[in-house]
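Visitor: Sequence below, structure please.
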Amino acid sequence: MRYIPSTKEQQSEMLKDIGVSSFEELLKNIPEKVKLKRKLNIPPVLSEQELEEKIVKIAQKNSNFYQMKPLLGAGAYRHFIPEAQKSLLQREEFWTCYTPYQPELSQGTLQSMFEFQSYISRLTKMDIVIPSIFDGASAAGEAALMSLRLTHKNKIIVSSLIHPHYRETIRTYLAPHDIEIIELPYHDGLVQYDQLEKLLDEDTAAVLVQSPNFFGGIENLTAMAELTHQKKALLIDIIVESMSMGILKSPGDLDVDIIAGSAQSFGMDLNFGGPYNAFLGTKKKYVRQIPGRIAGETKDKEGKRAFVMTFRAREQDIRREKATSNMCTNHNLNVIAADIYLSLMGTEGIYQYSLLNAKKAHYLENQLLKTGKFEKIFNYPYFNEFLIKYNGDIKNINKVLMENNFIPPLTVSSFYPDNDLKQTLLFAVTEIFSRDEMNLITSLFSQ
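Guide: Below you'll find the model as predicted:
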């Protein structure tokens with residue numbers, strides 16, 4: 001039933017059980033001066049039919065997102081999701097899983113976590129992976145805290161090309177600690193390497209970079225790892241667009257110490273901004289300071305395959321104030337979504353889709369440059385996002401794009417008010433764009 005009203009008799013029975021004579025008596029502790037003295041200013045009661053019609057009219061004012069394709073990425077990406085995943089994800093038992101308070105009784109939940117750990121470990125080449133952090137930004141914050149526990153140092157270097165929302169979250173996570181946060185500037189769309197060399201010292205706990213970065217640029221993690229390790233600091237790689245791992249070298253192969261990644265690109269639609277899912281990964285020697293949970297595989301007393309909670313160090317368990325984190329929930333439906341997506345795609349599928357992303361992004365950039373309305377401001381390697389300067393009216397072209405069912409690219413000056421970034425647009429191009437659509441976009445900018 002949509003509505004389950006309570007009768008006056010039922011209300012009286014509930015009040016009697018509570019031990020009060022009226023609803024007003026429940027509110028007696030609220031001062032009279034703050035109570036509303038009139039009725040709520042809400043519309044009159046509607047019948048179910050009238051309500052349905054009203055909601056439908058309101059909904060019709062929205063754009064049909066599935067007819068629109070986003071040129072906007074900046075942390076959330078629209079990728080193709082196979083129908084098989086959508087169908088499997090509707091199974092009722094997947095919707096009931098929650099935090100495994102009695103882990104070994106939650107074999108399905110533990111298995112989904114174990115499979116996710118295995119997939120991400122293979123992609124990233126990190127020894128240890130924990131699943132099911134809320135989102136990439138909170139994973140980045142957890143990674144920064146982890147570096148402090150490992151090094152006992154009090155300085156963090158944060159790239160200015162980390163997603164602005166992630167940087168805000170990192171600062172929030174570090175706010176209760178006496179930590180110096182230094183922002184690392186950029187040059188030509190990438191981290192300013194010579195400045196990193198100057199900023200690094202013996203007090204540095206970690207260097208946080210994003211690759212591909214907020215401008216889409218692919219950072220030289222190998223060189224940064226070597227420089228960072230010379231000062232006995234840790235290199236943390238933040239992976240916002242995880243589809244890039246299909247063609248880029250794995251962070252583990254580049255000697256990265258900790259990774260914090262968003263799993264949104266693996267089978268999670270945009271969903272008005274969430275919920276998504278994220279992961280943390282690290283080297284085996286750092287496992288004792290990683291927050292969250294690790295699921296493991298073993299055999300039961302009958303020799304059958306079984307799953308166990310191998311590691312968990314959060315505040316609701318025995319460690320209490322000594323815990324590494326207070327992460328208390330488990331986005332397991334999103335973990336299962338990623339499991340299904342990655343199992344359907346396989347190694348070759350992820351590689352081919354990643355390649356399509358890169359090729360289509362470079363194709364669109366080349367076509368836009370040919371219009372004469374754009375100019376390249378950075379000469380940097382990128383994956384599926386690129387920054388480009390538009391010599392025209394941005395408000396007008398955004399209107400034209402929307403009228404043609406394209407969500408406009410990001411105007412970067414809203415996050416980076418630098419003079420040299422005025423009139424710059426950040427385009428995101430994934431496998432969902434056809435050549436005809438990209439040619440149409442180019443023609444719209446040519447008008």
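
Visitor: mind listing the strands in the stretch 51-200 of the chain by residue range?
Guide: 69-70, 128-133, 155-159, 180-184, 186-187, 190-191 (DSSP state E, counting those that start in this stretch).

Visitor: right, and those - which one's nearest V412?
Guide: Evaluated over the strands of the stretch 51-200 of the chain, closeness to V412 peaks at strand 186-187, with 12.2 Å, by C-beta to C-beta. No exception for glycine: its C-beta is placed from N, CA and C like everyone else's.

Visitor: From L410, how far off is the residue lying closest to A428 once chain neighbours are set aside?
Guide: Leaving aside its chain neighbours, A428 sits nearest to G73 (2.5 Å; criterion: C-beta to C-beta, 6 or more residues apart in numbering). As for G73, its distance to L410 is 7 Å (criterion: C-beta to C-beta, to the nearest Å).

Visitor: How about E375?
Guide: 18 Å.

Visitor: same check, this time on A225
Guide: When C-beta to C-beta is the yardstick, A225 and L410 sit 29 Å from each other.

Visitor: Kindly report the same for V191.
Guide: From V191 to L410 the distance is 20 Å (C-beta to C-beta).

Visitor: between those two, who's got more neighbours?
Guide: V191 (27 against 21; other C-beta atoms under 10 Å).

Visitor: Just confirm the more buried one contacts L227, I think it does.
Guide: No: between V191 and L227 there is no contact under C-beta atoms under 8 Å: 10.7 Å.

Visitor: distance of the closest residue to V191 other than its chain neighbours from M68?
Guide: Leaving aside its sequence neighbours, V191 sits nearest to S159 (C-beta to C-beta, 6+ apart; 5.3 Å). Distance from S159 to M68, counting by C-beta to C-beta: 32 Å.

Visitor: Of the two, give the one with the bigger neighbour count.
Guide: Neighbours were counted for S159 and for M68 using other C-beta under 10 Å; S159 has more, 25 against 14.

Visitor: so what's that one bridging to?
Guide: Under the criterion DSSP bridges, S159 forms beta bridges with L184.

Visitor: correct me, but it touches Q192?
Guide: No: assessed by C-beta under 8 Å, S159 is found out of contact with Q192, at 9.2 Å.

Visitor: what's the closest non-adjacent residue to Q447?
Guide: That would be V400: by C-beta to C-beta, 6+ apart, it lies 7.3 Å from Q447.

Visitor: shaky segments in the stretch 1-150 of the chain?
Guide: 1-4, 97-101 (pLDDT under 70).

Visitor: Oops, could you answer that again for the stretch 201-350 of the chain instead?
Guide: 313-321, 326-329.

Visitor: can you pull out the strands in it?
Guide: Going by DSSP E, counting those that start in this stretch, the stretch 201-350 of the chain shows strands at 204-210, 234-239, 258-262, 278-282, 293-299, 305-312.

Visitor: Relative to the whole chain's centre, how far out is the last one?
Guide: It refers to strand 305-312. 26 Å (C-alpha atoms, centre = their mean, to the nearest Å).

Visitor: Let me know the angle separating that strand from strand 128-133.
Guide: Angle of strand 305-312 versus strand 128-133, following axes from the mean of the first three to the mean of the last three C-alpha atoms, to 10 degrees, is 90 degrees.
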